[in-house]
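[1] Give me the fold of what follows.
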Amino acid sequence: MHQTRTTDERQYPVKDRSKGRAKDRGGLQATLEALTGKSPCSDELRNAGNKYLKSKLFAGNRRDEMSVKDKLASPGARTILMNALELDEVFCGKTQEVSAIVEGRIDRGVLISMIKDAESEIRRRFETYAYWNQRIGSLKSVLLDQKIDLKVERLDEKLDQIGVVSQTKSPVTFALRAVRQLEQVEQRGRLGLPTADECAEQADAYMALGDWGKAGNKAREAVDIDPQHARGWFLRVMAAIKLRNRAAQQAQRHRLTATEIAEPMSAHESMAYQMADEAAGEMTQHHEDLRQLLPQAIRHWPRRNQWSFDHPEQRVVVRNLWIDHAFSLVAPDNNMNRSAAAFSANGLAAEWQRRYDANGVPGYTPEPSSSKLPFSDIECDALIQLFKEYDRYPFTFFDPFGSTFLVRDFQFLHLRWLLGDAGYEKHWTEWSRNCDSFPPSMFEDGILRNARLVSLWQMHQATHGGSTAVHETIARWASNTARNRNKQTSSKLLELYVGLYHHQWVRQEFDGCRATARQAQLLTGDSNTIGGCVPQPFEGCIGVPAQNRLYWDYLDALAVVESATAGMPLDDSAMSQLHDAQRHCAAFEKSEWCFWVFSEEYEGGGGEDYEVAPYNVDLRDRRVWLAAINEQIALKHSTADKREMQKVAQVFTEYLDTHPNLE
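    Below you'll find the predicted structure:
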């Protein structure tokens, strides 16, 4: 119970010492309870009310600051407060914007944009909650089913099997979590401006929802509050990449519609081309925005610890984009408008003088030479940071197995030279060694055929040994190219011979088979190695060791055996093969050089490789040879040939008699 006393017609509560602090009837809490009809007033609502009482909506004279009671007692205060709280709820606690709306001083275009954004946000959250509202019954059934073991069965798959058809579209994965994350941040931010961490947290949630535009805006707010905020820079650059890629995909899709789907000269075609151009323009703008973010993202990339970065795969993407862009800024005959400064900075001052000065260009005035590059301090700092990372992990910084390895590594090397970095010389030595050890086609395609890079490469190479060093490098490249192309040609020919032999074999053109085998023997020489098989025609699971001389010896002998067994007349070369059957049997014991490799894959995964005799004829088996020899003995041959074949047949027969269990 409280007693009151009256002084100057004002009422003051008399506190009962046995109770807590009395509620001020003219205070904010009592006012909100009276306006909303809800008691007690929630802390969240009272905090939001306090926020607006401290805003410009209720600003008093600084010399005579008004109390909360005085502000609430002022004309129209309650209406202003309720309207502010309503709008605060719709516009997610944006105090300054809400105050401007209530006072009628907000720009109409800004207001329309805010309403559209709020509408989109409310719809997104409604759809997310509605989706789960329709699935909550299914969730209940699954969780109460004791037969379902969630340690071995996926919950989402079980929910899909229940059969309840959702009336709303399925949100992105874990959309409900992202929406709740947004709501929690908004609740914390109602007392004032959000922190950088809170903005980054909201950006994270929008990234999870696939709203790259809002994610980028929130991330920008984070770095505006804290320019060193690593998570903010990461989310900002990733959102920019997503926006650019989406615009590129849209442009490609509209272009495909115009060329492949729409009727020629139709309104559909015209609209598709227009939309493709708009998407392309949007992509260009997003790409320019992305370029501005790259160095800052590199400098402030989130770290797992002092030795490693978080999100390493994404960092490689951003790092390579920055290196490409940085090189494009300084490469001559590009963005620097063919200036003397650009040529001089790239070590091509003499080329500039010859190109412009000596030719007497009318009205040309040489500009002062300058070594200053078009990099800001931030951009230089980002490059220097990458130089240090390269020196720490020189063999894994770039992917050595990528097709663009030499190009990107050279661009990076040139940037080091331009900035006078101390690690340039060591880097140049390693890059030059890679040029000699990598396939010569990489050096040719990446450097020699690149009009911009080849002149820079010659400048670097000549700096390290003059024209002699350039000649020597080119000579090594030419020699390696010739050797490599000869090897590639031989490999392709052997692959073709595999197909040709097969073509002749299935048609029983055994003389042609022998001719093909002999051509292949000329390519292989006496070489025999394991591995490097080519596919057998029409049998993708079979590998053929076509690089081996012994394999083609086998096929040559196989054609002879098949001809002999079929009773065909043999020439002297084929007869000598039969006479030499014992040596062939022994040679073909090296089956890893002459047998096919059959790769069997199991249905449940895995598999194994095992050898298969070519065309299922095992020439290690003396019975195969004996059958061919006996068939030829029965034909009309010279006495000398018959006598020779009978000797071989006798040896094979005696061998088989002493090995009765031979399979």
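[2] Looking at the record's assignment, how would you partition the protein?
    What the record gives for the chain is the domain set 23-106, 121-295, 312-464, 485-658, from automatic domain parsing.
[3] Could you tell me how far the second one lies from the centre of the chain?
    Read it as domain 121-295. Centroid separation between domain 121-295 and its chain, computed with CA atoms, centre = their mean, to the nearest Å, is 19 Å.
[4] Next: the first one.
    Its chain's C-alpha centre and that of domain 23-106 lie 50 Å apart, by CA atoms, centre = their mean.
[5] just to revisit the earlier point, mean neighbour count for the domains of the chain - can I get that in JSON lines?
    C-beta here means a position set from N, CA and C on the backbone, and glycine is covered the same way. What follows is these, written out as JSON lines (neighbours: other CB atoms under 10 Å):
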{"stretch": "domain 23-106", "mean neighbour count": "16"}
{"stretch": "domain 121-295", "mean neighbour count": "16"}
{"stretch": "domain 312-464", "mean neighbour count": "16"}
{"stretch": "domain 485-658", "mean neighbour count": "16"}
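[6] Select, out of these, the one closest to residue 475.
    Of all these, domain 312-464 sits nearest to residue 475, with 11.4 Å by CB to CB.
[7] measure that closest one end to end?
    When the termini of domain 312-464 are compared using CA to CA, to the nearest Å, they are 35 Å apart.
[8] Quick one: mean pLDDT for it?
    Model confidence over domain 312-464 averages 82 on the pLDDT scale.
[9] Can you give the distance of it from its chain's centre?
    Taking CA atoms, centre = their mean, one finds domain 312-464 lying 24 Å from the centre of the chain it belongs to.
[10] still on that earlier bit, which of the domains of the chain sits closest to residue 478?
    For the domains of the chain, distance to residue 478 was read as CB to CB. The smallest value, 8.3 Å, belongs to domain 312-464.
[11] Take the domains of the chain and lay them out in TSV including distance to residue 470.
    Compiled in TSV, these are given as follows (distance: least, CB to CB, whole Å):
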stretch	distance to residue 470
domain 23-106	64
domain 121-295	34
domain 312-464	5
domain 485-658	22
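[12] Minimum distance to residue 113: which of those domains has it?
    With CB to CB as the measure, domain 23-106 is the member of these nearest residue 113 (10.4 Å).
[13] And whichever helix in the chain runs longest, what does it pack against?
    Ranked by residue count under DSSP state H, the longest helix found in the chain is helix 466-506. Using 3 or more CB pairs under 8 Å, 6 or more residues apart in numbering; DSSP states H and E as the contact definition, the elements that helix 466-506 packs against are helix 424-437, helix 440-443, helix 451-463, helix 510-524, strand 534-536.
[14] now with 6 Å?
    Counting by 3 or more CB pairs under 6 Å, 6 or more residues apart in numbering; DSSP states H and E, the packing neighbours recorded for helix 466-506 are helix 440-443, helix 451-463, helix 510-524.
[15] Extract the C-alpha set from the first one and format it as PDB.
    The C-alpha coordinates for helix 440-443 follow below in PDB (Å, rounded to 0.1, in the frame of the first residue of the first chain):
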ATOM      1  CA  PRO A 440      57.200 -26.900 -72.600                       C
ATOM      2  CA  SER A 441      53.700 -26.200 -73.800                       C
ATOM      3  CA  MET A 442      53.000 -24.400 -70.500                       C
ATOM      4  CA  PHE A 443      55.800 -21.900 -71.200                       C
END
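[16] which other residues reach it?
    With CB atoms under 6 Å, 6 or more residues apart in numbering as the contact definition, helix 440-443 has outside contacts at 406, 435, 477, 480-481, 484.
[17] one more time with 8 Å, if that's ok
    Contact with helix 440-443 is made by 403, 405-406, 435, 477, 480-481, 484, as judged by CB atoms under 8 Å, 6 or more residues apart in numbering.
[18] Show me where this structure has its strands.
    Assigned by DSSP state E, the chain shows strands spanning 3-7, 10-14, 534-536, 539-544, 596-601, 607-612.
[19] how far is the third one from where the chain is centred?
    So the one you mean is strand 534-536. With CA atoms, centre = their mean as the basis, strand 534-536 stands 32 Å off its chain's centre.
[20] Can you spell out which helices and strands pack onto that strand?
    In terms of contacts (3+ CB pairs under 8 Å, 6+ apart), strand 534-536 is packed against helix 466-506, strand 539-544.
[21] Go again with 10 Å.
    Strand 534-536 sits against helix 466-506, strand 539-544, strand 596-601, with contacts defined as 3 or more CB pairs under 10 Å, 6 or more residues apart in numbering; DSSP states H and E.
[22] The first one vs helix 510-524, what angle?
    An angle of 160 degrees separates the directions of helix 466-506 and helix 510-524 when computed by axes from the mean of the first three to the mean of the last three CA atoms, to 10 degrees.
[23] can you give me how far helix 466-506 is from the chain middle?
    Using CA atoms, centre = their mean, the mean C-alpha position of helix 466-506 is found 33 Å from that of the whole chain.
[24] Okay, angle between that helix and helix 451-463 too, please.
    Angle, helix 466-506 to helix 451-463, by the same axes, to 10 degrees: 130 degrees.
[25] shift numbering so it begins at 29
    Understood, numbering begins at 29; the last thing we discussed is helix 494-534.
[26] got the angle between helix 494-534 and strand 567-572?
    Computed with the same axes, to 10 degrees, the direction of helix 494-534 lies at 110 degrees from that of strand 567-572.
[27] repeat for the last one
    Put simply, strand 624-629 runs at 140 degrees to strand 567-572, going by the same axes, to 10 degrees.
[28] hey, C-alpha coordinates of strand 624-629 in CSV?
    Only the C-alpha atoms of strand 624-629 are listed here, as CSV (Å, rounded to 0.1, in the frame of the first residue of the first chain):
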residue,chain,number,x,y,z
TRP,A,624,45.9,-56.4,-70.8
VAL,A,625,44.8,-54.9,-67.5
PHE,A,626,41.1,-55.5,-66.6
SER,A,627,39.7,-53.1,-64.0
GLU,A,628,36.8,-54.5,-62.1
GLU,A,629,34.6,-52.2,-60.0
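[29] tell me what that strand is packed against?
    Checked by 3+ CB pairs under 10 Å, 6+ apart, strand 624-629 has strand 562-564, strand 567-572, strand 635-640 packed alongside it.
[30] out of the ones you listed, nearest to residue 342?
    Evaluated over those, closeness to residue 342 peaks at strand 635-640, with 35.0 Å, by CB to CB.
[31] before we move on, the earlier item: tabulate the helices and strands packed on strand 624-629 in a markdown table, adding columns for distance to residue 253 and mean pLDDT.
    Shown next, in a markdown table, are those (distance: least, CB to CB, whole Å; pLDDT from 0 to 100):
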| stretch | distance to residue 253 | mean pLDDT |
| --- | --- | --- |
| strand 562-564 | 60 | 86 |
| strand 567-572 | 59 | 86 |
| strand 635-640 | 57 | 84 |
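[32] for these, which one sits closest to residue 589?
    For the helices and strands packed on strand 624-629, distance to residue 589 was read as CB to CB. The smallest value, 17.1 Å, belongs to strand 635-640.
[33] what sits up against that closest one?
    Counting by CB atoms under 10 Å, 6 or more residues apart in numbering, the neighbours of strand 635-640 from elsewhere in the structure are 561, 564, 567, 569-571, 619-620, 622-630, 646.
[34] how far off strand 624-629 does that strand point, in degrees?
    Between the axes of strand 635-640 and strand 624-629, defined by the same axes, to 10 degrees, the angle is 160 degrees.
[35] and strand 635-640, which strands flank it?
    Sheet pairing here is set by DSSP bridges, and for strand 635-640 it gives strand 624-629 (antiparallel).
[36] Report the rounded mean pLDDT for the partner strand.
    On average, strand 624-629 scores 85.
[37] Residue 489 is in contact with residue 438, correct?
    No - counting by CB atoms under 10 Å, residue 438 sits too far from residue 489 to count as a contact (11.2 Å).
[38] Now for these two: what residues contact both?
    When contacts are counted by CB under 10 Å, 6+ apart, the set common to residue 438 and residue 489 consists of 456, 463.
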